[in-house]
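Participant: My questions concern the predicted model and sequence given below.
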Amino acid sequence: MAGNITFTMIKPDAVADNHIGGITQMIEEGGFRIVAMKKTRLSEERAGKFYEVHKERPFYNDLVKYMSKGPIVAMILEKDNAVEDFRALIGATNPEQAAEGTIRKKYAKSIESNAVHGSDSNENAQIEGDFFFAADERF
Ligand code: RTP
Ligand code: MG
């Protein structure tokens, strides 16, 4: 049986610093299969929509500006227990608390510039994947 899915973005600084390959390698070596993948740039408006769940949080405006400042790489990933296992692979939101061997430990620069996004539930994984990818872009 196919595993379930999660959604990730490689954030603007990590793309600008040429870490697409390194991060994608950690994802594949972590047992995830790439179902869909694209490099794109979010407008402020679209970043605001993506992060709408955080709109009451104090960091919302900065986050929206940060996520729209340059291209990102969006991916849908498949694995058994994908959401939880991917959050384990990326590590804590704050890189100072991220465990050894995690993507954020290796590539994050700060709590905002923390290299990658990972969905926090199966429901949000579906919503976030649908935000970026049509059915004919998934394999
Ligand atoms: P993500 O959604 O990006 O996978 O990260 P997360 O679940 O670990 O963290 P979340 O609470 O959902 O926050 C989303 C993103 O907002 C930025 N953030 N900044 N300045 C701050 O205190 C702060 N807190 C969060 C981070 O870029 C975080 O990934
Ligand atoms: Mg989150």
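Facilitator: Received, thanks. Predicted model, so just to flag it, every value in this text is computed and none were measured. Ligands and ions are numbered 1, 2, ... in the order given.

Participant: What segments of this structure are helices?
Facilitator: Applying DSSP state H to the chain gives helices spanning 12-16, 20-29, 44-50, 60-67, 82-90, 103-107, 122-132.

Participant: Report the buried residues of the first one.
Facilitator: To tie it back to what came earlier, the one meant is helix 12-16. Along helix 12-16, these residues count as buried under the neighbour rule (16 or more other CB atoms under 10 Å): 12, 13, 14, 15. (C-beta placed from N, C-alpha, C; glycine too.)

Participant: as a whole number, average confidence for stretch 130-139?
Facilitator: On average, the pLDDT along stretch 130-139 is 98.

Participant: does residue 16 really touch residue 66, like I thought?
Facilitator: No - taking CB atoms under 8 Å as the definition, residue 16 is not a contact partner of residue 66, at 11.8 Å.

Participant: these two touch, right, residue 19 and residue 115?
Facilitator: Yes - counting by CB under 8 Å, residue 115 is a contact partner of residue 19 at 7.1 Å.

Participant: Just want to know which of these two has more residues nearby.
Facilitator: Using other CB atoms under 10 Å as the criterion, residue 19 and residue 115 rank with residue 115 on top: 27 against 21.

Participant: That one - nearest residue in space that isn't next to it in sequence?
Facilitator: The shortest distance from residue 115 to any non-neighbouring residue, by CB to CB, 6 or more residues apart in numbering, is to residue 107 (3.9 Å).

Participant: do you know how far the one you found is from residue 24?
Facilitator: Using CB to CB, to the nearest Å, one gets 11 Å for the distance from residue 107 to residue 24.
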